[in-house]
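>>> compute the structure for the input listed below.
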Amino acid sequence: MTLQDAYKQLQFQLFEIYDDREATIIADWTMEHITGFSKIDRLMHKQFVLSPEQESLYLLQTKALLAHTPVQYVLGKAWFAGMPFMVNENVLIPRPETEELVDWIVQSNTTPVKKAILDIGTGSGCIPITLKKKMSFALVEAMDISANAIAIAQQNATALGADVHFYTLDIFDKQATSELGIYDIIVSNPPYIKQSEATDMLANVLQYEPAIALFVPDEDALVFYKAIAVFAKSHLGQNGQLFFEINEALGAAVCTLLEEHGFTAVELRKDLQGKDRMVKAVLANVIQ
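This is a model prediction of the structure:
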């Protein structure tokens, strides 16, 4: 099978699942992963014949893609902030809006003074690792309830040369989390999708991404924000900053919750798509 034939066949099959643009991007990523050829290289070597090993991998990955497996899981890699992160079905695939959240944190802390940062619900580790790379002066820690997720995050930190300390902890375990220190910044992209919203989601998300990192009960959609706000009140230093990624429909509710818990300077920010997706708040009066 030639490279051109393989690419066209994969692209044509993906058109049945995705729109033309997304199908083309997935086909490009897959062929580059299999052959090591960039898009320009593939244009110059259209008649390159796949080796038996490459063709076997091509067939295996095509089958997975046609079963709606996200391309990032098929390839075992997702890009975030210009860096490759190992991902599998134990962690969420990093999203562009999370990059915007990280950028906001960096822009809010440009003075190179020592800061302690904690990421809650770290998944692949994309948030704390990127913060450490961009804020080398910071001491960065992260936690997740999933030991499998922590293992992936640790591998990513090692591969990307980021000194981040990881904990396998449950934010609802008050006794265990009480042992953590005092931080200047706490950030979280917690589960925030209501169970009732699942019907509007794509199959490749529902079938493969970890539900524990996605969904919350309709009747208690702010459950993680409440727990993290309570934790932050005793683990943020004076004028400590709390950053959240949020469900676009819950912006006002999250802001009100934080104000009720004594946070000030609460700010709701839209992402590049014009959706309410991020909140920042300050704990001016430390409550110990």
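>>> all contacts plus neighbour counts: C-alpha atoms, from now on.
Will do.
>>> all strands of the stretch 1-150 of the chain, in order?
With DSSP state E, counting those that start in this stretch as the criterion, the stretch 1-150 of the chain has strands at 77-80, 83-86, 116-120, 139-144.
>>> any weak-confidence spans in this structure?
196, 198-209, 211, 286-288 (pLDDT under 70).
>>> report the central residue of it.
Of all residues in the chain, the one closest to the mean position by C-alpha atoms, centre = their mean is residue 94, 3.1 Å from it.
>>> quick check: that one touching residue 83?
No. Look at residue 94 against residue 83 with C-alpha atoms under 8 Å: they stay out of range, at 11.2 Å.
>>> quick check: domain ranges of this structure?
3-67, 83-283 (automatic domain parsing).
>>> closest one to residue 73 among those domains?
Closest to residue 73 of the domains of the chain is domain 83-283 (C-alpha to C-alpha; 5.1 Å).
>>> check the separation of the first and last residues in that closest one.
32 Å (C-alpha to C-alpha, to the nearest Å).
>>> what is the burial count for residue 161?
Neighbour count for residue 161, taken as other C-alpha atoms under 10 Å: 12.
>>> circling back: the domains of the chain into a markdown table, with extra columns for distance to residue 74?
Converted to a markdown table, those look like this (distance: least, C-alpha to C-alpha, whole Å):
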| stretch | distance to residue 74 |
| --- | --- |
| domain 3-67 | 6 |
| domain 83-283 | 8 |
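>>> so which of those is the most surrounded?
domain 83-283 (a mean of 19; mean count of other C-alpha atoms under 10 Å).
>>> how about the strands of the stretch 1-150 of the chain, which one is nearest residue 247?
Once those are compared by C-alpha to C-alpha, strand 116-120 is nearest, at 16.5 Å.
>>> neighbouring strands of that closest one in the sheet, and parallel or not?
Paired neighbours of strand 116-120 in the sheet (DSSP bridges): strand 139-144 (parallel), strand 183-188 (parallel).
>>> give me the contacts around it.
Defining contact as C-alpha atoms under 8 Å, 6 or more residues apart in numbering, one finds that strand 116-120 is touched by 127-128, 138-144, 171, 182-190.
>>> got a list of what the residue nearest to the centre of the chain touches?
78-80, 124, 126.
>>> and those, which is closest to residue 216?
residue 124 (19.9 Å).
>>> mind listing what that closest one touches?
So, once contact is read as C-alpha under 8 Å, 6+ apart, residue 124 ends up touching 85-87, 91-94, 149-150, 152-153, 156.
>>> try 6 Å this time
Neighbouring residues of residue 124 by C-alpha atoms under 6 Å, 6 or more residues apart in numbering: 91, 152-153.
>>> dump those residues into TSV; add distance to residue 6 as well.
Listed next are the contacts of residue 124 as TSV, based on distance: C-alpha to C-alpha, whole Å:
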residue	distance to residue 6
91	30
152	31
153	34
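>>> quick one: stretch 46-59 to chain centroid distance?
32 Å (C-alpha atoms, centre = their mean, to the nearest Å).
>>> any idea which of the contacts of residue 124 is closest to residue 272?
Closest to residue 272, out of all of these and judged by C-alpha to C-alpha, is residue 91, at 23.9 Å.
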